[in-house]
Each structure stands twice: as C-alpha cells, then as structure tokens.
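A.B. asks: sequence and predicted model, in that order:
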Amino acid sequence: MANSIWTIDGKATKGGSNEQLIWEDRRYFTLNHSGQQFHGEVVSENIESNSLTIKINQRVFEVKKNHELDDLIARMGMDKPKIQKLKELSAPMPGRIVSIEVNVGQSLDVGDEILSLEAMKMENVLKAEGVGTVKSILIKTDEVVEKGTVLIEFE
C-alpha cells in the first residue's frame, strides 16, 4: 500500500507506510492505520474500472487504485466518454405520444427527457442518447405512431 495512489470518494490519496491490510476472507478485512484498527467489508467491486465500494465502521467509500496507464490515458484525452450528436429520434415501437417535453430550439444533453410514448399500456420515457438542438417536432400529443416513425429532428 505504501507509495500507491488511491482515489477515495473522488479525492486522490497517497498510501503511506503506516497501513496494514489483513484479509479475513474475500469479503471482510481489517485495516490497521496509525495505531487504530478498522473493520471493513467489500460491498461491490468493478474489475474493469479497478474500483471497490467498501464499508468501514458503517461508512461507505468508493475506492479506486490509480495506475500509471490511467495517467497516460487521461493525458491523451481518451478518458472522456464519446458523446454522439443527435440527428433524429424515431419511435422504437408503435404507440401513442403521451407528452412532449422539448421545444424547438431547445438544447439537449445526454439523459434529458424528450417525450413519453405509451405502448402496450406502459408509458416509456424516451431520453436523449447524445447532444443536440431540437430542429423540428414532427408529432403531436395523443398522436399514434408506428415503429420507425421520425418523431423529432435535431440540428
């Protein structure tokens, strides 16, 4: 643990020489730090992102071990997710337009609600999967649409 760089709850922390980690099994551990003993549990782990969610003395922490490769990827700008530019929104299934949550000229970010579509007695909220500005709205509330119908165009 000494001289390792860790990110704990979003804050970079350098490991020292005072820590000792003792695994009791794959889930439970004891951490000795500066003469104090803390009991912990691994709540979840994500091997791809090299991160853990742990609980120590009833507090939950997000922990990530930084790697030299992470720094290189960040310097190259490859750590930022690619965001696609919206062109149009088509109906993913046949249904009835319940509500339209956008206006012409409105800018959208990933995850913004666009409209609600009722299909098979279930209301489905369609959200932006990219960024863009609403160019035209080709449907109206209560209109019935077929799968693949272009509902909204973006610029």
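C.D. replies: Nice, I can see it.
A.B. asks: residues touching residue 150, list them.
C.D. replies: Residue 150 makes contact with 88, 89, 90, 138, according to CB atoms under 8 Å, 6 or more residues apart in numbering. For glycine as for every other residue, the C-beta is placed from the backbone atoms N, C-alpha and C.
A.B. asks: the same query, at a cut-off of 7 Å, please.
C.D. replies: When contacts are counted by CB atoms under 7 Å, 6 or more residues apart in numbering, residue 150 touches 88, 90, 138.
A.B. asks: show me how the chain divides into domains.
C.D. replies: As given by automatic domain parsing, the domain ranges for the chain are 5-75, 88-154.
A.B. asks: any idea how far the shortest one is from the chain center?
C.D. replies: To tie it back to what came earlier, the one meant is domain 88-154. Remark: domain 88-154 is offset 22 Å from the chain centroid, using CA atoms, centre = their mean, to the nearest Å.
A.B. asks: what's the span of it, first residue to last?
C.D. replies: Start and end residues of domain 88-154 are separated by 6 Å (CA to CA, to the nearest Å).
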